[in-house]
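1. need the 3D shape of this:
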Amino acid sequence: MKKSGILNRHLAGALAELGHGDEVLVCDAGMPIPSGPRVVDLAFRAGVPSFAEVFAGLVDELVLEGATVAEELRGAHLDLMERQFANLDFVPHERLKELSAGARLIVRTGEASPYANVLLRCGVFF
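-> Numbering: from 1, shown residues only. Predicted coordinates:
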């Protein structure tokens, strides 16, 4: 058994399959999940795991070159995104829902905060 890092076997396997330019949607429990992309649902109960916890774990595991969030995002989650990405892309929440259909992977958290969603773009490590 793994000692550290991402322990969820479904998530670890999905992350290993990602390549440059692939997109990963990290979303709250209320985000509509489109059919098509692979989904790893981590939601256990309201707030568990939190968006921030899942986001931090993914940032540790992935090389990221950008992110898209909803224009409506406010508060701590927006602060978290702005600390991580110098050039965030902002789109209306309805557009973010449309873009999520093109994601290669969707990771659903237990977050219950409005607009706690981010579409991450994978980079390369070299």
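
2. what's the helix of greatest length in the chain in contact with?
-> Ordering each helix of the chain by length in residues (DSSP state H) puts helix 51-61 first. For helix 51-61, contacts defined as Cβ atoms under 8 Å, 6 or more residues apart in numbering pick out 5-6, 15, 24, 26, 28, 42, 76-77, 80, 84, 107, 109, 111, 113, 116, 118, 120. Using the backbone N, CA and C atoms, a C-beta is placed for each residue, glycine as well.

3. kindly report the same for stretch 19-32.
-> 18, 33, 37, 43, 46, 51, 54-55, 58, 62, 97, 99-100, 102-124.

4. select only the buried ones of those in PyMOL?
-> Those of the contacts of stretch 19-32 that count as buried under 16 or more other Cβ atoms under 10 Å are selected in PyMOL with:
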select buried, resi 18+37+43+51+54+55+58+62+97+99+100+103+104+105+106+107+108+109+110+111+112+113+115+116+117+118+119+120+121+122
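
5. inside strands: which ones of the contacts of stretch 19-32?
-> 105-108, 118-122 (DSSP state E).

6. let me see the contact set for residue 64.
-> 84-85, 120-123.

7. again, but for residue 116
-> Counting by Cβ under 8 Å, 6+ apart, residue 116 has contacts 27-28, 51, 73, 77, 109.

8. if we use 10 Å, what do you get?
-> 26-31, 50-52, 54-55, 69-70, 73, 75-78, 80, 109 (Cβ atoms under 10 Å, 6 or more residues apart in numbering).
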